[in-house]
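**Q** Build the 3D model from these lines:
(one chain, ligands or ions: 2)
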Amino acid sequence: MKRAETFSLMVVLTGSLLGMGSCNSCQSGKKAAVAEVYQPQSPLFDADSAYRFVEEQVAFGPRVPGTPAHEACGDYLAAKLTAFGAQVTEQQSDVTHYDGRKLPMRNIIGSYSPEKETRVLLFAHWDSRPFADEESEEARQRQPIAGADDGASGVGVLLEIARQLQQQLPEIGVDLIFFDLEDWGQPSFERQQTKGDWWCVGSRYWAKQPHVENYRAKYGILLDMVGAANATFMKEGYSLQYASGIVERVWSIARKLGYGNYFPVQQGGYITDDHLSVNEMKRAPSIDIINLKRDTRTGFAPYWHTLNDDMRNIDRNTLKATGQTVLEVLYTEK
Ligand code: AHN
Ligand code: ZN
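**A** Numbers count the residues shown, from 1 in each chain. Ligands and ions are numbered 1, 2, ... in the order given. Now for the predicted structure:
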């Protein structure tokens, strides 16, 4: 075979093997192609399975602390973690809220390889907001939200991760925490304003009194609103402040896996979320993977804290991007 023919055959082979349409300069094309090949270390995250876990939570109805739906969903989550081979611990406490009401708080924790020193902490909140206070009509503002994205999506992804952990353990130990009472922050229509911060009650409780004395993890990852189509996980402010190295590691892995569109190289605002509790008490330098928007009034998706936060917003592709990225982080950790 003449040299020119060998040359073009290589182009065709390289191009078709890597799914490339064409290659203008073979040398540089080959180099670029080789650089793009990344060999994932993690098992395949099943987005259909994660979707079902989101759906099953939402089917209980709004998981508002103190309601039967909340209690039943809590039982479901603990049972799932047990079935997926985790060592399950629960923290329960009656918390007095701003209106004087006692609310049953329940943090649900699942541990893998609890004996291991090096650990990664993954978390999400499982409660849903008792009021859709971003609705424009006042009557609608007092109704609880379904919380398909805000709550159920992060927990659904973590349940699928638990299912994968049961089949093959990574080198490090892993703790999953479903925090309660994240989303009962005071709405603007609430007149009885007792001073204090009523967001993230469950995570602050745990950060002060963790399930294991002196608990520390190498780092933590919070998943909050990780289910919507075309989600954009901008680099959240506190995540960069407390754990910039982890942000870079996660965003770099996402890009290598082909999920760069979901993980743009862009900084977002500072969000008071469960990772702040974990960071402030130095339990683990933690980041928040959270869907942030530049073009909405709230900075979140348009259905945020409205009655529209339901299954219609949940997209398997986004669950996959988030779940596979976090799995890859776990299985490349030593
Ligand atoms: C505040 O807007 C204060 N916190 C956002 C955290 C949050 C609420 N995540 C979901 N719902
Ligand atoms: Zn919320």
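**Q** what residue ranges in the stretch 51-200 of the chain score low on pLDDT?
**A** Segments of the stretch 51-200 of the chain classed as low confidence (criterion: pLDDT under 70) are 191-196.
**Q** Write out the residues of it neighbouring ligand 1.
**A** Listed as neighbours of ligand 1 in the stretch 51-200 of the chain under the rule C-beta under 6 Å from any ligand atom: Asp150, Asp183, Gly185, Trp199. (Each C-beta comes from the backbone N, C-alpha and C, glycine too.)
**Q** Just list the residues touching the last one, thanks.
**A** Remark: with contacts taken as C-beta atoms under 8 Å, 6 or more residues apart in numbering, Trp199 is in contact with Glu182, Asp183, Trp184, Gly185, Thr272, Asp273.
**Q** And the residues you listed, which is closest to Arg312?
**A** Nearest to Arg312 out of these is Asp183 (C-beta to C-beta; 19.7 Å).
**Q** That closest one touches Gly151, doesn't it?
**A** Yes: counting by C-beta atoms under 8 Å, Gly151 is a contact partner of Asp183 at 6.9 Å.
**Q** These two - which one has more neighbours?
**A** Gly151 (30 against 27; other C-beta atoms under 10 Å).
**Q** returning to that earlier point: show me the subset of the residues of the stretch 51-200 of the chain next to ligand 1 that also lies near ligand 2.
**A** Counting by C-beta under 5 Å from the ion, Asp150, Asp183 from those sit close to ligand 2.
**Q** who touches the residue in the stretch 1-150 of the chain that ligand 2 sits nearest to in this structure?
**A** Closest approach between the stretch 1-150 of the chain and ligand 2, counting by C-beta to the ion: Asp150, at 4.2 Å. For Asp150, the contacting residues are Ser128, Arg129, Asp183, Asp224, Met225, Trp304, His305, Asp309, by C-beta under 8 Å, 6+ apart.
**Q** Was I right to think the fifth one contacts Gly147?
**A** In this case it means Met225. No: assessed by C-beta under 8 Å, Met225 is found out of contact with Gly147, at 9.7 Å.
**Q** Residues of the stretch 51-200 of the chain that sit close to ligand 2?
**A** Arg129, Asp150, Asp183.
**Q** returning to that earlier point: I'd like to know which of the contacts of Asp150 are part of strands.
**A** Counted as lying in strands by DSSP state E, out of the contacts of Asp150, are Asp224.
**Q** which one of the contacts of Asp150 has the most neighbours?
**A** Using other C-beta under 10 Å as the neighbour criterion, Asp309 leads the contacts of Asp150 with 31 neighbours.
**Q** OK, contacts around that residue?
**A** By C-beta under 8 Å, 6+ apart, the contact set of Asp309 is Ala132, Ile145, Ala146, Gly147, Ala148, Asp149, Asp150, Tyr303.
**Q** So what does Thr322 have for phi and psi?
**A** Dihedral pair for Thr322: phi -70, psi -50, per degrees, to the nearest 10.
**Q** Not counting its neighbours along the chain, what's nearest it?
**A** Spatial nearest neighbour of Thr322, chain neighbours left out: Val226 (4.3 Å); criterion: C-beta to C-beta, 6 or more residues apart in numbering.
**Q** gap between that neighbour and ligand 1?
**A** 11 Å (C-beta to the nearest ligand atom, to the nearest Å).
**Q** That residue is in contact with Asn317, isn't it?
**A** No: if you go by C-beta under 8 Å, Val226 and Asn317 don't touch, sitting 11.5 Å apart.
**Q** and those two? which has more neighbours close in?
**A** Each of Val226 and Asn317 has its neighbours counted (other C-beta under 10 Å); Val226 has more, 30 against 15.
**Q** quick one on the thing from earlier: now for Asp183 and Gly151: what residues contact both?
**A** Shared contacts of Asp183 and Gly151 (C-beta under 8 Å, 6+ apart): His125, Asp127, Ser128, Arg129.
**Q** Make TSV out of those and add distance to Ser136.
**A** Below are the shared contacts of Asp183 and Gly151 laid out as TSV (distance: C-beta to C-beta, whole Å):
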residue	distance to Ser136
His125	25
Asp127	24
Ser128	20
Arg129	16
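**Q** OK, contacts around the residue positioned nearest the centre of the chain?
**A** Nearest to the mean C-alpha position of the chain, counting by C-alpha atoms, centre = their mean, stands Leu223 at 1.7 Å. Going by C-beta under 8 Å, 6+ apart, Leu223 touches Leu122, Phe123, Ala124, Ser153, Gly154, Val157, Leu158, Ile289, Thr322, Val326.
**Q** could these be laid out in a markdown table, adding secondary structure?
**A** Rendered in a markdown table, the data for the contacts of Leu223 read as follows (DSSP: H, G, I helix; E, B strand; the rest coil):
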| residue | secondary structure |
| --- | --- |
| Leu122 | strand |
| Phe123 | strand |
| Ala124 | strand |
| Ser153 | helix |
| Gly154 | helix |
| Val157 | helix |
| Leu158 | helix |
| Ile289 | strand |
| Thr322 | helix |
| Val326 | helix |
